[in-house]
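Model the structure of this input:
(one chain, ligands or ions: 1)
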Amino acid sequence: MTNWFACIALPQSRIDALLSDSTPEQRRALLAENFGHWHRDVQRVLDAGRDREFLFHQLEVLAPLGSFVNGRTALIGDAAHAMAPFLGRGACEAILDGEAMGRIAMARHGLPLRNAALRSASALTRRRSRS
Ligand SMILES: Cc1cc2nc3c(=O)[nH]c(=O)nc-3n(C[C@H](O)[C@H](O)[C@H](O)COP(=O)(O)OP(=O)(O)OC[C@H]3O[C@@H](n4cnc5c(N)ncnc54)[C@H](O)[C@@H]3O)c2cc1C
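Down below sits the predicted model:
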């Protein structure tokens, strides 16, 4: 199994129409209009999905959080720093967040995690997710 995705910038009114009442043919036409002139291998991928349903989702850009920690609660992974799909690294970042939490807890503060440890981990993971 594999998956692919493409990102298209559209006015909100067009997105609303696509998500509410577009037909599969209209959705495929939108893909062809935007990517049909790309490399022939892209064309082959589009052709391969001719009889299939495509999923459309709206992407939103959110303001970055000032901290991933509130008291004894820490956000990691997508909850802390959801990423655009074309970055292809959300899962990698979630794993690294977990590793950072474990490393800081073990090295400096012992278990269970104390607030200071969570703040250290937050600073580390926030720096990385913004780079
Ligand atoms: C199509 C697609 C392709 C992707 N490709 C890549 C890729 O190539 N490389 C990459 O690194 N990343 C990729 N990602 C991103 C990656 O999947 C995410 O960044 C990653 O799964 C985030 O992990 P997470 O543990 O933070 O969140 P999630 O994997 O979303 O886990 C959260 C879990 O919490 C559960 N949950 C939610 N609410 C509650 C609740 N109230 N109570 C209990 N449980 C709850 C959910 O059911 C879910 O199991 C892709 C994502 C998508 C959608």
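
domain parsing for the chain?
1-59, 69-130 (automatic domain parsing).

Pick out the shakiest of the ones you listed, pLDDT-wise.
Mean pLDDT is lowest for domain 69-130 among the domains of the chain, at a mean of 76.

hmm, back to that, mind checking which of the domains of the chain is nearest the ligand?
Between the ligand and these, the tightest spacing by CB to the nearest ligand atom is seen for domain 69-130, at 2.1 Å. C-beta: built from backbone N, CA, C; applies to glycine.

So which bits of the chain are right by the ligand?
By CB under 6 Å from any ligand atom, the residues of the chain that approach the ligand are 3, 77-79, 85, 88-92, 94.

Let's see that with 8 Å instead.
Residues of the chain lying close to the ligand (CB under 8 Å from any ligand atom) are 3, 5, 76-80, 82-83, 85, 87-94, 97.

what's the span of stretch 15-26 from first residue to last?
Stretch 15-26 has an end-to-end distance of 12 Å (CA to CA, to the nearest Å).

Now find how far off-centre it is within its chain.
Here stretch 15-26 shows a centroid-to-chain-centroid distance of 22 Å under the convention CA atoms, centre = their mean, to the nearest Å.
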